[in-house]
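S.K.: This is a predicted model, with the sequence first.
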Amino acid sequence: MFSVTREEFEDLVGEALDTVPEGLMRLADNVVVLVEDNPPPGRHIRGLYRGVPRTKRGHNYVGMLPDTIHIYRNPIMRMSSSAEDIVEQVRIVVVHEIAHHFGISDARARVRLTYDAAARLSRSATAAPMPSGGGATTSTRVSCSASASRSAA
């Protein structure tokens, strides 16, 4: 297990949001990203989207509370053995949950992420390896609006 502080993890989530294409982030609407330590009891997940996907919103979608994307710190750290692992896992989970905001199914999101990961691995095969490192639920809000801004609350 590779550990990072809560603040470092929140920064990684912000950096992952920054990797989402700007044009796509401009289309994100009424959604917030929350960093939490653990998923709900009995759930073995790294992230969760709750809301009405953009593709399902109709003319009556007004005055609604924001959709939420939950990114769970402890499960991601447990499956990571290095700084590179945790950065990659955070990015994968953030992108996967944003895909749900846009109405993309789990199956389609997994296929695309698998393809992207394979492409990155093949491009970095000759790169030098980077050094590796060896509760209660609280949350931090990272806002995601149509203007692609983010802030910690």
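M.R.: Done, it's in.

S.K.: can you give me the helices in the chain?
M.R.: Taking DSSP state H to define them, one finds helices in the chain at 6-19, 22-27, 73-78, 83-101, 106-123.

S.K.: which other helices and strands contact the longest one?
M.R.: On a contact count with 3 or more Cβ pairs under 8 Å, 6 or more residues apart in numbering; DSSP states H and E, helix 83-101 meets helix 6-19, strand 31-36, strand 47-50, strand 67-72, helix 73-78, helix 106-123. Just so you know, the C-beta spots here come from the backbone N, C-alpha and C atoms, and that holds for glycine as well.

S.K.: and of the helices of the chain, who's closest to residue 49?
M.R.: helix 83-101 (3.7 Å; Cβ to Cβ).

S.K.: now the closest one and strand 67-72, what's the angle there?
M.R.: 160 degrees (axes from the mean of the first three to the mean of the last three Cα atoms, to 10 degrees).

S.K.: can you offset everything so residue one is 51?
M.R.: Sure, I'll start counting at 51 from here, so that last one is helix 133-151.

S.K.: could you dump helix 133-151 to CSV, C-alpha only?
M.R.: The C-alpha coordinates for helix 133-151 follow below in CSV (Å, rounded to 0.1, in the frame of the first residue of the first chain):
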residue,chain,number,x,y,z
ALA,A,133,3.5,7.1,-6.5
GLU,A,134,2.9,6.3,-10.1
ASP,A,135,0.2,3.7,-9.3
ILE,A,136,-1.7,6.2,-7.1
VAL,A,137,-1.5,8.9,-9.7
GLU,A,138,-2.8,6.5,-12.4
GLN,A,139,-5.5,5.1,-10.3
VAL,A,140,-6.8,8.5,-9.3
ARG,A,141,-6.9,9.6,-13.0
ILE,A,142,-8.7,6.4,-14.0
VAL,A,143,-11.3,6.7,-11.3
VAL,A,144,-11.9,10.5,-12.0
VAL,A,145,-12.2,10.0,-15.7
HIS,A,146,-14.4,6.9,-15.2
GLU,A,147,-16.9,8.8,-13.0
ILE,A,148,-16.9,11.9,-15.2
ALA,A,149,-17.8,9.5,-18.1
HIS,A,150,-20.9,8.5,-16.1
HIS,A,151,-21.8,12.2,-15.8
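
S.K.: Perfect, that will be all.
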